[in-house]
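**Student:** below is the sequence, then the predicted model.
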Protein chains: 2
Amino acid sequence: MSEAVAAAPKSRSGRTPHGRRKVRSAIAVAALEKFAEQGFEATTVDQIAEAAGVGRRTFFRYFRSKEDVVFPGHDERLAEVVELLEAASADADPLVVLGEAAEFVLGMYLEDPEVSRKRSELTRQVSSLRDKEIASIDRYQRVFARYLRARFADQPDGELHAAVAAAAVVAAHNHVLRQWLRSGGELDARAALRHATDQLGEALSGQWPGGRSDEDQDRESVVVAAVRTSASSEVVLKQVREALRGIER
Amino acid sequence: MSEAVAAAPKSRSGRTPHGRRKVRSAIAVAALEKFAEQGFEATTVDQIAEAAGVGRRTFFRYFRSKEDVVFPGHDERLAEVVELLEAASADADPLVVLGEAAEFVLGMYLEDPEVSRKRSELTRQVSSLRDKEIASIDRYQRVFARYLRARFADQPDGELHAAVAAAAVVAAHNHVLRQWLRSGGELDARAALRHATDQLGEALSGQWPGGRSDEDQDRESVVVAAVRTSASSEVVLKQVREALRGIER
DNA sequence: ATCGTAACGGCACTGAGTGCCACTAGCAAT
DNA sequence: ATTGCTAGTGGCACTCAGTGCCGTTACGAT
């Protein structure tokens, strides 16, 4: 590990894959192995580099920091979400679009359940990783909020509603993700997320401005007789909702 | 800086305030001065310590990290919020309680506008500080969510609603805070926050379970005739809501 | 005056992250 | 095959944050 031998042809000496993309993967695998074995903080970059068969300096060429090994390519993912939102039709219900974006993000976790579980285990234990992840989630939320801000631009309190709705969607996503992780991957996360965002859409676009555009054709199929009553509109609504719940399904 | 002179009576040598709490303040002031002067990253702890007239080691006795100088006592503040929520009446509307908690947090910023503005300027520019702050905000959100989870425990989807509502309240708070900062402290932030949480309360407690306890007495004052229709319950509800809106107010 | 305690300052050490440079492998042109 | 270019690599040295240790100093109590 020291003398003149070090300069020998490492290319074929078992280690040092030298494949362009293989190196990155080798480092990541070695790192996660070490983290699971001896913990995150107790593992030094030197150990990871040695285990991966690369130099310490090379580690930092592939990952900006030790934390970054745990969250690979979060930047690219975020860029994909931005694209997704930019490509969304201007006619579509903004909250539906955001729901789809959230499902897309969720899909990235669902793709590789084992990695996701290991990551969540790590982030649960190591505070610096938790902070990193929270910051990363916040970036998604900012993108969501920016999208909604544009869509709600002409409404009163549009910025407020955008910020709140974005936070709500992200919270719903996170909640479903946590449930899924706790269930050991058994839960139908996509369905759960859709259920959650449906409820959100009902609550938010119902009371707030920003209504749907395809409602008009349904409007004629129901007639409502409105009467004055001492009860608040909230109470009336609640009664109607319960009544409907009794009829349907 | 080296020989026997170092042991001389520093206590009266102009520097070294030596007041128990004065030291902390002196360090903080010196740090913020240096940060404003040459930037956060370009300022080393040694420089801060020297400017404050204390040893480098002492700096780390008062602040866990360089970032911590910018966010002093966030832990204590969080503890206060926890107390506030624990002290809240079990009868009160959970969302109102959370609104008050949010206003309390907002109040901490409002207390000292100049410091708040300097902090926000710093966090806007330095990513590591931004991440720290986001993590700190998330801790508030977790506390909020935990509170709501307890209050919504017996409801269907209670956990989801707790997570979403907590996120919504925090988002509203952050939005108002941002507005206030941008307005240069002119905005009536408390009123704006109350306006925002009022809307939230309407949207969330209206559509979702988690109803108030005084609704039952109102229930008898409205009668609903339910009929089958081709329209979805969403559409029916929306129609009713619009009709009510036309009648009231 | 003396003792005990708490705070302080210095020192040395670990480990993350960066800049620099020399080396090598692979590839293209000749 | 030789030369030359480029990109990836590894080692080295350096800065700086953060920590453990310890001798010293200031201060309060007896």
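**Tutor:** Alright, I've got the coordinates.
**Student:** I figured residue A:105 hits residue A:77, correct?
**Tutor:** Yes. Using C-beta atoms under 8 Å, residue A:105 is in contact with residue A:77, at 7.4 Å. From N, CA and C alone the C-beta is placed, and that goes for glycine too.
**Student:** so, low pLDDT: which residues of chain A?
**Tutor:** A:1-19, A:205-249 (pLDDT under 70).
**Student:** quick check, stretch A:63-79 touching DNA strand C?
**Tutor:** Yes. For stretch A:63-79 and DNA strand C, the contact criterion (C-beta under 7 Å from any atom of the strand) is met by A:64-67.
**Student:** any chance of these in a markdown table, with neighbour count too?
**Tutor:** Shown next, in a markdown table, are these (neighbours: other C-beta atoms under 10 Å in any protein chain shown):
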| residue | neighbour count |
| --- | --- |
| A:64 | 10 |
| A:65 | 13 |
| A:66 | 19 |
| A:67 | 17 |
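**Student:** out of those residues, which comes closest to residue A:86?
**Tutor:** Of all those, residue A:86 sits closest to residue A:64, with 26.2 Å by C-beta to C-beta.
**Student:** now do the same for the closest one: helix, strand or coil?
**Tutor:** On the three-state scheme (DSSP: H, G, I helix; E, B strand; the rest coil), residue A:64 is labelled coil.
**Student:** find the centremost residue of chain A, please.
**Tutor:** residue A:105 (4.3 Å; C-alpha atoms, centre = their mean).
**Student:** ok, and what's touching whichever strand or helix holds residue A:32?
**Tutor:** Taking DSSP states H and E as the criterion, residue A:32 maps to helix A:20-38. Residues from elsewhere that reach helix A:20-38 (C-beta atoms under 8 Å, 6 or more residues apart in numbering or on different chains): A:17, A:43, A:47-49, A:51-54, A:58-59, A:62-63, A:66, A:69-70, A:72, A:118, A:122.
**Student:** which of those residues fall in strands?
**Tutor:** Using DSSP state E, no member of the contacts of helix A:20-38 falls in strands.
**Student:** restricted to helices, list these.
**Tutor:** A:47-49, A:51-52, A:58-59, A:62, A:118, A:122 (DSSP state H).
**Student:** want to throw those into JSON lines with neighbour count and distance to residue B:162?
**Tutor:** What follows is these, written out as JSON lines (neighbours: other C-beta atoms under 10 Å in any protein chain shown; distance: C-beta to C-beta, whole Å):
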{"residue": "A:47", "neighbour count": "16", "distance to residue B:162": "41"}
{"residue": "A:48", "neighbour count": "24", "distance to residue B:162": "39"}
{"residue": "A:49", "neighbour count": "19", "distance to residue B:162": "44"}
{"residue": "A:51", "neighbour count": "17", "distance to residue B:162": "42"}
{"residue": "A:52", "neighbour count": "25", "distance to residue B:162": "43"}
{"residue": "A:58", "neighbour count": "16", "distance to residue B:162": "46"}
{"residue": "A:59", "neighbour count": "22", "distance to residue B:162": "41"}
{"residue": "A:62", "neighbour count": "18", "distance to residue B:162": "40"}
{"residue": "A:118", "neighbour count": "15", "distance to residue B:162": "27"}
{"residue": "A:122", "neighbour count": "20", "distance to residue B:162": "26"}
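**Student:** which of those come close to DNA strand D?
**Tutor:** Restricting these to those within reach of DNA strand D (C-beta under 7 Å from any atom of the strand) leaves A:58, A:62.
**Student:** need the contact list for residue A:138.
**Tutor:** Per C-beta under 8 Å, 6+ apart, neighbours of residue A:138: residue B:134.
**Student:** quick check: it vs DNA strand C, distance?
**Tutor:** 19 Å (C-beta to the nearest atom of the strand, to the nearest Å).
**Student:** which element follows the strand or helix carrying that residue toward the C-terminus?
**Tutor:** Element membership for residue A:138, per DSSP H and E: helix A:127-151. Note on helix A:127-151: by DSSP H and E, the next helix or strand toward the C-terminus is helix A:158-182.
**Student:** burial count for the spatially closest residue to residue A:135 that is not a sequence neighbour?
**Tutor:** Leaving aside its sequence neighbours, residue A:135 sits nearest to residue B:131 (C-beta to C-beta, 6 or more residues apart in numbering or on different chains; 4.1 Å). Neighbours of residue B:131 under the rule other C-beta atoms under 10 Å in any protein chain shown: 19.
**Student:** do any residues in stretch A:20-35 lie close to DNA strand D?
**Tutor:** Yes. Interface with DNA strand D: stretch A:20-35 contributes A:20, A:23 (C-beta under 7 Å from any atom of the strand).
**Student:** using CSV, write out the CA atom coordinates for that stretch.
**Tutor:** C-alpha atoms of stretch A:20-35 as CSV (Å, rounded to 0.1, in the frame of the first residue of the first chain):
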residue,chain,number,x,y,z
ARG,A,20,-16.9,5.6,-16.2
ARG,A,21,-20.1,5.0,-14.3
LYS,A,22,-19.0,1.9,-12.5
VAL,A,23,-16.8,3.9,-10.2
ARG,A,24,-19.7,6.0,-8.9
SER,A,25,-21.7,2.9,-8.1
ALA,A,26,-18.8,1.2,-6.5
ILE,A,27,-18.2,4.1,-4.2
ALA,A,28,-21.9,4.3,-3.3
VAL,A,29,-22.1,0.6,-2.5
ALA,A,30,-19.0,0.6,-0.4
ALA,A,31,-20.2,3.6,1.5
LEU,A,32,-23.6,2.3,2.3
GLU,A,33,-22.0,-1.0,3.4
LYS,A,34,-19.7,0.8,5.7
PHE,A,35,-22.5,3.0,7.0
